[in-house]
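A.B. asks: only geometry, no sequence info:
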């Protein structure tokens with residue numbers, strides 16, 4: 001049986017609908033966030049992804065949230081669109097923070113948008129990015145982009161959950177839900193990213209301790225949650241690192257700060273989603289409905305009572 005991309009606990013065996021979280025992921029994100037102490041790193045200046053218990057009051061929902069849920073982009077992108085005057089509600093240019101209800105007529109760039117007030121299961125796809133691909137739809141250099149390989153989406157688009165730089169390979173996650181993307185990417189939720197790193201040379205124990213204690217980069221302090229040796233051959237050494245941020249080239253810059261050049265960098269896990277060995281470079285895998293439901297539950301988003309049964313990935317089971 002092929003390995004599941006959803007990380008399971010070692011014991012007991014868990015079902016996908018009721019995942020057991022590893023010692024690194026003890027509880028759903030929403031619960032952990034409420035219990036967590038103040039983040040030791042950058043504060044969440046704009047907790048746009050915070051659970052909004054009053055969102056469903058009287059059926060009204062924040063406009064940017066509904067547009068993101070419709071798959072038009074991330075919540076922050078939608079906020080930019082609203083601020084720029086590209087969105088109208090019932091014929092009036094929308095304001096940031098405005099709420100919409102069923103029956104409201106919403107236009108984006110003068111085109112009607114169908115908002116789903118009923119809970120729908122988004123699509124989630126994992127992709128094994130290759131070196132030499134960019135994570136952007138628009139590139140002035142016309143380089144190969146990961147979006148070229150993705151299947152088309154009706155009435156929406158794929159939103160990338162995080163990025164990988166041009167020379168990094170490994171796990172990328174895409175979803176049709178901007179709300180899910182926002183929940184997984186927002187720094188206030190501190191979702192773990194796990195990488196394997198190959199360098200020329202070997203770190204000392206003191207250097208490894210300093211990388212978990214914190215080192216100063218040009219854009220602030222940076223930490224690894226964990227770093228472990230994984231062996232190597234010749235002068236090459238492999239390390240496993242876990243980080244909770246997604247700053248530009250952060251992992252590479254931390255090794256460079258130690259005087260080590262990264263020769264290969266692979267992301268193997270993002271939150272509870274692993275990169276399965278069967279998904280080779282350049283290949284993708286769309287998650288089953290039950291796996292998507294497990295992710296929604298983990299991040300504290302509502303899950304439909306009835307999961308779709310007619311998706312191709314569900315029929316393969």
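C.D. replies: Received it, and whenever you're ready, just let me know what you need. Everything quoted here is computed from the prediction, not taken from an experiment.
A.B. asks: do you know how far the residue lying farthest from the centre of the chain is from residue 291?
C.D. replies: Distance from the C-alpha centroid of the chain, by C-alpha atoms, centre = their mean, peaks at residue 234 (35.3 Å). Going from residue 234 to residue 291 by C-beta to C-beta, to the nearest Å gives 39 Å. (C-beta placed from N, C-alpha, C; glycine too.)
A.B. asks: Give the full set of residues in contact with the residue nearest to residue 240 when sequence neighbours are not counted.
C.D. replies: The shortest distance from residue 240 to any non-neighbouring residue, by C-beta to C-beta, 6 or more residues apart in numbering, is to residue 228 (4.7 Å). Applying C-beta atoms under 8 Å, 6 or more residues apart in numbering to residue 228 gives the contacts 239-241.
A.B. asks: Per-residue pLDDT of residue 228, please?
C.D. replies: Here, the pLDDT recorded for residue 228 equals 97.
A.B. asks: Residue 53 too?
C.D. replies: For residue 53, the model assigns a pLDDT of 40.
A.B. asks: what's around the nearest residue to residue 249 once chain neighbours are set aside, how many residues?
C.D. replies: Closest residue to residue 249 apart from its sequence neighbours, by C-beta to C-beta, 6+ apart: residue 165 at 5.6 Å. Using other C-beta atoms under 10 Å, residue 165 has 15 neighbouring residues.
A.B. asks: is it true that residue 145 touches residue 129?
C.D. replies: No. With contacts counted by C-beta atoms under 8 Å, residue 145 stays clear of residue 129, the gap being 10.3 Å.
A.B. asks: Spell out which residues are contacts of both of these two.
C.D. replies: When C-beta under 8 Å, 6+ apart defines a contact, the residues bordering residue 145 and residue 129 alike are residue 135.
A.B. asks: between these two, which one's more packed in?
C.D. replies: Counted by other C-beta under 10 Å, residue 145 and residue 129 do not tie: residue 129 has more neighbours, with 26 against 15.
A.B. asks: Just confirm the more buried one contacts residue 170, I think it does.
C.D. replies: Yes. Using C-beta under 8 Å, residue 129 is in contact with residue 170, at 6.2 Å.
A.B. asks: Identify the contacts common to these two.
C.D. replies: residue 164.
A.B. asks: Can you tell me the number of residues neighbouring residue 105?
C.D. replies: Neighbour tally, residue 105, other C-beta under 10 Å: 12.
A.B. asks: and if you look at the one 3 residues further on?
C.D. replies: By other C-beta under 10 Å, 17 other residues sit near residue 108.
A.B. asks: who's in contact with it?
C.D. replies: Contacts of residue 108 (C-beta under 8 Å, 6+ apart): 67, 72, 81, 86-87.
A.B. asks: Repeat that for residue 267.
C.D. replies: Per C-beta under 8 Å, 6+ apart, neighbours of residue 267: 164, 168-172, 193-195, 275.
A.B. asks: now do 6 Å
C.D. replies: 170-171, 195 (C-beta atoms under 6 Å, 6 or more residues apart in numbering).
A.B. asks: looking at this, it is in a strand?
C.D. replies: Yes. According to DSSP: H, G, I helix; E, B strand; the rest coil, the state of residue 267 is that of a strand.
A.B. asks: Quickly list what it is bridged to.
C.D. replies: Per DSSP bridges, the residues bridged to residue 267 are residue 170, residue 195.
A.B. asks: in the stretch 51-200 of the chain, which spans are strands?
C.D. replies: 61-62, 87-89, 92-93, 99-100, 106-108, 111-112, 124-129, 159-161, 169-175, 193-200 (DSSP state E, counting those that start in this stretch).
A.B. asks: what residues does the second one touch?
C.D. replies: Applying C-beta under 6 Å, 6+ apart, the set of residues contacting strand 87-89 from outside is 81, 94, 100, 104, 106-108.
A.B. asks: How many residues are close by the closest residue to residue 150 other than its chain neighbours?
C.D. replies: Spatially, and ignoring its direct neighbours in sequence, residue 150 is nearest to residue 158 (5.2 Å; C-beta to C-beta, 6+ apart). Neighbours of residue 158 under the rule other C-beta under 10 Å: 22.
A.B. asks: Test my guess that residue 158 contacts residue 174.
C.D. replies: Yes. At 4.2 Å, residue 158 and residue 174 qualify as touching, with contact defined as C-beta atoms under 6 Å.
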